[in-house]
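the following comprises the amino acid sequence and a computationally predicted model.
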Amino acid sequence: MPRSPIIPPTPAEEAYRAEQDQGEVFTRDDPLALFENWFALACAKEPNDANAMALATAGADGQPDVRMVLLKDFNADGLTFFTHANSAKGLQLANNPRAALLFHWKSIRRQVRFRGLVSVAGAEEADAYFAERARSAQIGAWAARQSETLDDRAALIAATKVIEAKYQGRDVPRPADWIGYRLIPSAIEFWVNRPFRLHDRLLFERSAPAGPWTSQLLYP
């Protein structure tokens with residue numbers, strides 16, 4: 001079968017030579033501190049949504065599933081995002097609380113992968129973040145019955161108008177099923193582009209959430 005004409009051609013030798021070598025980038029021994037450094041650089045360089053990450057889960061049938069979500073917090077406890085518990089990803093995490101995350105920043109030619117267990121964040125944390133959202137986004141959280149079948153977009157717009165009328169003149173509360181999830185990493189891998197596809201990969205692993213990290217370099 002012929003190769004699709006819209007796929008970019010394999011780089012020529014000259015293109016590989018023109019790639020910039022970023023120098024030493026594995027500058028911290030603590031993977032979360034290293035991620036913080038890379039994330040700050042991505043926020044300064046990426047055109048939009050430097051906090052966008054691919055979230056991979058598995059369904060009850062064992063089939064993998066992946067979608068983009070937004071990182072809303074990270075610290076020593078893990079990485080936090082918010083969604084509906086009754087969405088496809090929420091139901092999958094309830095059945096199998098393990099997931100993987102991937103940040104890919106094209107502007108700085110780096111990516112970071114996380115794997116680990118997922119726990120539900122506390123209600124106070126979810127309330128606090130929901131209160132920070134724009135009012136229109138709060139209303140959208142009520143109107144969007146995430147992952148359910150939608151007859152047409154008009155039905156969604158109508159639902160938002162019902163919610164707007166219901167909470168006119170008062171604060172919009174957080175829906176009970178709109179919650180936070182925190183991935184507690186057991187493995188974190190850092191990848192940086194290098195000329196001629198001789199990329200650098202650094203893997204950190206630990207056997208327990210509060211355990212020490214070990215690290216090793218990986219072949220490209």
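Happy to help now that I have it.

I'd say residue 97 and residue 116 touch.
No - at 9.7 Å, residue 97 does not count as touching residue 116 under the criterion of C-beta atoms under 8 Å. For the C-beta atoms, the positions are set from N, CA and C on the backbone; glycine is no exception.

looking at the two, which one has more neighbours?
Using other C-beta atoms under 10 Å as the criterion, residue 97 and residue 116 rank with residue 116 on top: 21 against 16.

quick one: name whatever helix or strand follows the strand or helix carrying that one.
Residue 116 is located in strand 110-120, with elements delineated by DSSP states H and E. Following strand 110-120 in sequence order, the next helix or strand is helix 123-132 (DSSP H and E).

so that following helix versus strand 110-120, what angle?
120 degrees (axes from the mean of the first three to the mean of the last three C-alpha atoms, to 10 degrees).

so which bits of helix 123-132 are buried?
125, 126, 129, 130 (16 or more other C-beta atoms under 10 Å).

I'd like these as a markdown table, with pLDDT and distance to residue 1 appended.
Formatted as a markdown table, the buried residues of helix 123-132 follow (pLDDT from 0 to 100; distance: C-beta to C-beta, whole Å):
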| residue | pLDDT | distance to residue 1 |
| --- | --- | --- |
| 125 | 97 | 51 |
| 126 | 98 | 49 |
| 129 | 97 | 48 |
| 130 | 98 | 49 |
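
what is the nearest of those residues to residue 92?
residue 126 (18.9 Å; C-beta to C-beta).

contacting residues for the residue lying closest to the closest one once chain neighbours are set aside?
Spatial nearest neighbour of residue 126, chain neighbours left out: residue 180 (4.7 Å); criterion: C-beta to C-beta, 6 or more residues apart in numbering. Neighbouring residues of residue 180 by C-beta atoms under 8 Å, 6 or more residues apart in numbering: 72, 80, 81, 82, 120, 121, 122, 125, 126, 129.

try it again with 10 Å
Residues near residue 180 by C-beta atoms under 10 Å, 6 or more residues apart in numbering: 72-73, 80-83, 119-123, 125-130.

any idea how far it is from residue 123?
9 Å (C-beta to C-beta, to the nearest Å).

swap in residue 193?
41 Å.

per-residue confidence at residue 55?
pLDDT for residue 55: 98.

that one against residue 64, yeah?
No - at 11.1 Å, residue 55 does not count as touching residue 64 under the criterion of C-beta atoms under 10 Å.

between those two, what contacts are shared?
With C-beta under 10 Å, 6+ apart, residue 55 and residue 64 have common neighbours 92, 100.

looking at the two, which is more packed in?
Neighbours per residue (other C-beta under 10 Å) separate residue 55 from residue 64, with residue 55 holding more: 25 against 10.

kindly list the main-chain dihedrals of the closest residue to residue 60 other than its chain neighbours?
Using C-beta to C-beta, 6+ apart and skipping residues adjacent in sequence, the residue nearest residue 60 is residue 95, 5.3 Å away. Per-residue torsions, residue 95: phi -80, psi -30 (degrees, to the nearest 10).
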